[in-house]
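S.K.: quick check, what structure comes out for this input:
(one chain, ligands or ions: 2)
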Amino acid sequence: MFIPTLERQCTSEQREKFLPLCYDYRIIGTYAQTELGHGTFLRGLETTAHYDPNTQEFILNSPTISSIKWWPGALGKTSTHAVVLAQLYTLGKCHGIHPFVVQLRSLDDHKPLRGITVGDIGPKMGFGPNDNGYLKLHKHRIPRTNMLMKYSQVSPDGTYTKPPRSTLTYGTMTFVRVLIVHGSAIALAKASTIAIRYSAVRRQSELRPGEPEPQILSYPTQQHKLFPLLATAYAFHFVQLAMMKIYTDVNDQINNSNFSRIQELHALSSGLKAFTSWVTNAGLEVCRMSCGGHGYSQASGFPRLYADFTPSCTYEGENTVLMLQSARYLVKCVRDARSGKTLPGTVSYLSEDVSAVHSGGSSGRDLSNLDFLISLYKQRASNQVHFASDKVDRGISAGMDLVGALNSASVHLVSAAKAHSHYFIAKTFVESLKLLKASSELQNVLHQLASVYVFEGIAQSSGDFIEDYILSGSEAKTIRQLAVDLLPLIRVNAVSLVDAFSFRDEVLQSVLGRYDGNVYENLFKWAQNSPLNKTDVHPSYHKYLGPLLKRNQSKL
Ligand SMILES: CCCCCCCC/C=C\CCCC(=O)SCCNC(=O)CCNC(=O)[C@H](O)C(C)(C)COP(=O)(O)OP(=O)(O)OC[C@H]1O[C@@H](n2cnc3c(N)ncnc32)[C@H](O)[C@@H]1OP(=O)(O)O
Ligand SMILES: Cc1cc2nc3c(=O)[nH]c(=O)nc-3n(C[C@H](O)[C@H](O)[C@H](O)COP(=O)(O)OP(=O)(O)OC[C@H]3O[C@@H](n4cnc5c(N)ncnc54)[C@H](O)[C@@H]3O)c2cc1C
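M.R.: Ligands and ions are numbered 1, 2, ... in the order given. Modelled structure (predicted):
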């Protein structure tokens with residue numbers, strides 16, 4: 001995040017000064033924004049940067065215990081520099097959060113500089129190799145030119161020039177949220193690879209006396225656990241491509257001072273980061289548990305995969321908070337639509353009258369037709385967004401201010417943002433396959449995946465569709481069965497579909513997911529290398545167990 005921030009927030013002179021040092025690894029930096037007391041609420045950050053016009057320097061301070069920077073990756077022992085987000089004060093006025101490049105450690109002996117107290121925050125649930133750290137600043141001075149001034153400036157005499165948009169400071173976070181959508185796709189693809197390969201190797205139980213134990217991948221319940229997640233991994237692959245394309249287009253516009261789509265990008269990236277990381281987080285556990293006891297071994301790769309992925313639901317914007325950000329924008333879009341404004345592409349459906357399109361229960365609808373089902377996802381999203389938006393309006397009519405009305409409706413707002421994100425993902429998956437240049441055989445296999453994703457998405461949220469009369473109960477049951485009917489068809493290509501992710505064994509880091517399927521021999525080999533097995537009799541025997549046993553044996 002250090003380099004992307006410099007690339008997005010530096011003037012051209014600052015780029016020339018800082019970026020070559022980064023690219024040549026002459027300095028290593030971190031993104032120091034979160035503090036002990038604040039991670040979500042950025043306007044509440046307490047680190048200060050006071051401008052001194054006499055020396056043309058900023059004086060940085062951590063005024064309180066809660067203002068100590070806390071969590072930034074590689075801050076503890078590795079980074080020589082940081083982008084520090086601090087409240088800018090100049091000529092006695094506070095101008096809010098701004099980014100500053102701060103050198104933390106000497107480039108000669110790596111010792112912290114004067115006014116810098118820095119260290120590791122201690123062991124975490126995962127991310128073991130990462131020295132997430134703390135930073136306490138005490139009257140630490142940096143040159144005026146170390147404030148990143150592409151969008152806002154402080155002149156030598158302390159005069160402040162504000163940015164065209166205050167939220168341009170938040171740009172790096174949007175970029176990383178887009179990356180996390182990709183990270184979700186990769187993590188779910190890895191977990192699906194491990195679980196499906198292992199399920200093809202593992203044989204268990206005797207269905208009928210005398211018959212060979214079946215591969216657990218042949219059990220419909222195992223297929224029902226794993227194949228919708230496999231399809232989700234493919235769905236997230238295509239949606240991260242679409243998300244990155246939108247990010248790149250909007251970022252190009254921003255670089256040309258066109259800020260018209262910055263809100264739409266923020267809302268979409270927030271919703272997709274939250275939706276994909278939540279779904280992937282839950283999916284990793286389903287994959288682990290589908291591998292029985294060996295799934296719980298470090299040898300499976302699942303413990304580290306989960307422990308390293310799960311903070312994706314928290315960092316770069318806690319998921320609930322981001323869903324509320326997305327919903328806040330959707331509510332504004334409903335208002336804009338009602339006032340006759342044209343809505344941007346990803347939300348234009350909110351100005352359509354989808355309610356007239358479908359009414360649940362009418363017979364003869366083709367419930368296997370993906371285009372038709374995507375229109376039901378659209379209706380579900382539109383209904384939920386309008387329902388939540390009406391809740392906000394009723395709150396305001398009852399005398400609440402906007403903040404109070406949004407907070408009061410927040411549970412429904414999160415549901416609406418989830419439905420919006422789900423619609424975008426399902427639609428993108430189906431549309432991406434139409435554009436794919438592939439053989440008819442491959443198109444058929446991918447269509448099976450898209451179908452099971454769409455069917456199972458409705459089955460798992462059928463209440464949404466039935467409550468709004470989008471589907472009748474019997475139609476929802478039919479769609480649920482359509483998903484189950486697809487499972488044996490997907491079974492035929494399941495291993496090939498995970499092989500297609502092409503994870504090398506060294507990357508997958510899983511004995512269960514080995515490409516050669518040679519699991520048991522390698523599990524035993526892995527166990528032999530366990531530190532506990534360095535000696536047959538563990539040294540602790542002589543200190544504890546031995547004396548205990550001997551003492552008790554003498555009593556026999
Ligand atoms: C294969 C690749 C794998 C990649 C893996 C990546 C690994 C990365 C590993 C670790 C990295 C983790 C790093 C971090 O965690 S860095 C710290 C992250 N912190 C956050 O994300 C903080 C979250 N909080 C916020 O963003 C904000 O506080 C807020 C929640 C959005 C609230 O903002 P604010 O207090 O200003 O209040 P408002 O809600 O009123 O917003 C005001 C208006 O600003 C608009 N807004 C907010 N954010 C943005 C944005 N990013 N872009 C554009 N616009 C934004 C908001 O919509 C409001 O607009 P309005 O018009 O409605 O007034
Ligand atoms: C592994 C890891 C790496 C990290 N790396 C970095 C880094 O490199 N740089 C950096 O600056 N930070 C980093 N962070 C910090 C991270 O960005 C924050 O932890 C994250 O933004 C969440 O903020 P928080 O901890 O304040 O959570 P909180 O906001 O305190 O969340 C606690 C609960 O409060 C709820 N909540 C908060 N606000 C609202 C609201 N308005 N409405 C409803 N509910 C609300 C949340 O939904 C959540 O359930 C990292 C964190 C982790 C775990």
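
S.K.: enumerate the residues of the chain near ligand 1.
M.R.: 1, 31, 33-34, 39-43, 73, 167, 170, 173-174, 176, 179-180, 182-183, 186, 262-263, 266, 315-317, 321, 325, 328 (C-beta under 6 Å from any ligand atom). For the C-beta atoms, the positions are set from N, CA and C on the backbone; glycine is no exception.

S.K.: at 5 Å instead, please
M.R.: 33, 40, 42-43, 167, 170, 173-174, 179, 182-183, 266, 315-317 (C-beta under 5 Å from any ligand atom).

S.K.: of those, which belong to helices?
M.R.: 173-174, 179, 182-183, 266 (DSSP state H).

S.K.: in the stretch 401-550 of the chain, what residue is nearest ligand 2?
M.R.: Closest residue of the stretch 401-550 of the chain to ligand 2, C-beta to the nearest ligand atom: residue 410 (6.2 Å).

S.K.: who touches that residue in this structure?
M.R.: Applying C-beta atoms under 8 Å, 6 or more residues apart in numbering, one finds that residue 410 lies in contact with 324, 327.

S.K.: what distance do you get for it to residue 6?
M.R.: Residue 410 sits 35 Å away from residue 6, going by C-beta to C-beta, to the nearest Å.

S.K.: residue 98 pairs with what?
M.R.: Residue 98 has the following beta-bridge partners by DSSP bridges: residue 86.

S.K.: hang on, it packs against residue 83?
M.R.: No: Residue 98 lies out of contact with residue 83 (C-beta atoms under 8 Å); the separation is 10.3 Å.

S.K.: any common contacting residues for those two?
M.R.: Contact criterion C-beta under 8 Å, 6+ apart; residues shared by residue 98 and residue 83: residue 148.

S.K.: my read is residue 46 is in a helix, agree?
M.R.: No: the assignment for residue 46 (DSSP: H, G, I helix; E, B strand; the rest coil) gives coil, which keeps it out of a helix.

S.K.: who's in contact with it?
M.R.: Contacts of residue 46 (C-beta under 8 Å, 6+ apart): 35, 37-38, 62-64, 66-67, 87.

S.K.: where does pLDDT dip in the chain?
M.R.: 354-363 (pLDDT under 70).

S.K.: could you pull out the strands in it for me?
M.R.: 29-32, 48-52, 57-61, 69-70, 81-90, 93-103, 116-120, 133-137, 140-143, 153-154, 160-161 (DSSP state E).

S.K.: which of these is buried the deepest?
M.R.: Greatest average neighbour count among those goes to strand 29-32 (a mean of 26), per mean count of other C-beta atoms under 10 Å.

S.K.: got the CA coordinates for it in PDB?
M.R.: This file holds the C-alpha atoms of strand 29-32, laid out as PDB (Å, rounded to 0.1, in the frame of the first residue of the first chain):
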ATOM      1  CA  GLY A  29       7.500   1.400   3.400                       C
ATOM      2  CA  THR A  30       4.200   0.700   5.000                       C
ATOM      3  CA  TYR A  31       0.800   2.400   5.100                       C
ATOM      4  CA  ALA A  32       0.300   3.700   8.700                       C
END
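
S.K.: what are the pairing partners of it, and which direction each?
M.R.: Partner strands and pairing direction for strand 29-32 (DSSP bridges) are strand 81-90 (parallel).

S.K.: scan the chain for its longest helix.
M.R.: The chain, longest helix under DSSP H: helix 220-255.

S.K.: that one: how far from the chain's middle?
M.R.: Its chain's C-alpha centre and that of helix 220-255 lie 11 Å apart, by C-alpha atoms, centre = their mean, to the nearest Å.

S.K.: may I see the buried residues of that helix?
M.R.: 222-223, 225-240, 242-243, 246-247, 250-251, 254 (16 or more other C-beta atoms under 10 Å).

S.K.: from residue 102, how far off is the closest residue to residue 144 other than its chain neighbours?
M.R.: Distances taken as C-beta to C-beta, 6 or more residues apart in numbering place residue 56 nearest to residue 144, at 4.5 Å, with adjacent residues excluded. Counting by C-beta to C-beta, the separation of residue 56 from residue 102 is 16 Å.

S.K.: now the residue in the chain that ligand 2 sits nearest to: phi and psi?
M.R.: In the chain, the residue that lies nearest ligand 2 is residue 39 (2.5 Å; C-beta to the nearest ligand atom). Per-residue torsions, residue 39: phi -130, psi -50 (degrees, to the nearest 10).

S.K.: for it, what are its contacts?
M.R.: The neighbours of residue 39, taking C-beta under 8 Å, 6+ apart as the test, are 71, 318.

S.K.: ok, residue 433 - how many residues close by?
M.R.: Residues lying near residue 433 (other C-beta atoms under 10 Å) number 18.

S.K.: which residues touch it?
M.R.: Counting by C-beta under 8 Å, 6+ apart, residue 433 makes contact with 238, 443, 446-447, 450.

S.K.: kindly report the same for residue 214.
M.R.: 203-205, 207.

S.K.: look up how far residue 491 lies from the residue of the stretch 351-500 of the chain at minimum distance from ligand 1.
M.R.: The nearest approach of the stretch 351-500 of the chain to ligand 1 comes at residue 403, 8.5 Å away (C-beta to the nearest ligand atom). Using C-beta to C-beta, residue 403 is found at 51 Å from residue 491.

S.K.: which one's more surrounded, the two?
M.R.: Neighbours were counted for residue 403 and for residue 491 using other C-beta under 10 Å; residue 491 has more, 20 against 8.

S.K.: just checking, the more buried one touches residue 216?
M.R.: No: contact criterion C-beta under 8 Å: residue 491 and residue 216 do not qualify, at 11.6 Å.

S.K.: any idea how many residues pack against residue 489?
M.R.: Neighbour tally, residue 489, other C-beta under 10 Å: 14.

S.K.: mind listing what it touches?
M.R.: Here residue 489 is in contact with residue 448 (C-beta under 8 Å, 6+ apart).

S.K.: so how far is residue 439 from it?
M.R.: 17 Å.

S.K.: do the same with residue 405
M.R.: 53 Å.

S.K.: so for those two, which sits in the more crowded spot?
M.R.: A side-by-side neighbour count of residue 405 and residue 439, using other C-beta under 10 Å, places residue 405 first with 20 against 8.

S.K.: what's near enough to touch the more buried one?
M.R.: By C-beta under 8 Å, 6+ apart, the residues touching residue 405 are 391-396.

S.K.: kindly recompute the last result at 7 Å.
M.R.: Neighbouring residues of residue 405 by C-beta atoms under 7 Å, 6 or more residues apart in numbering: 392, 395-396.

S.K.: same question, residue 387
M.R.: residue 412.

S.K.: what about 10 Å?
M.R.: 409, 412-413, 415-416, 419, 467-468 (C-beta atoms under 10 Å, 6 or more residues apart in numbering).

S.K.: ok, residue 525 next?
M.R.: With C-beta under 10 Å, 6+ apart, residue 525 has these contacts: 299, 511, 518.

S.K.: domains of this protein?
M.R.: The chain breaks down by automatic domain parsing into domains covering 2-153, 176-205+215-334+378-392+417-499.

S.K.: rewinding a little: the residue of the chain closest to ligand 2 and residue 185: what is the separation?
M.R.: Counting by C-beta to C-beta, the gap from residue 39 to residue 185 is 25 Å.

S.K.: surely residue 288 touches residue 307?
M.R.: No: when contacts are counted by C-beta atoms under 10 Å, residue 288 is not listed as touching residue 307 (11.3 Å).
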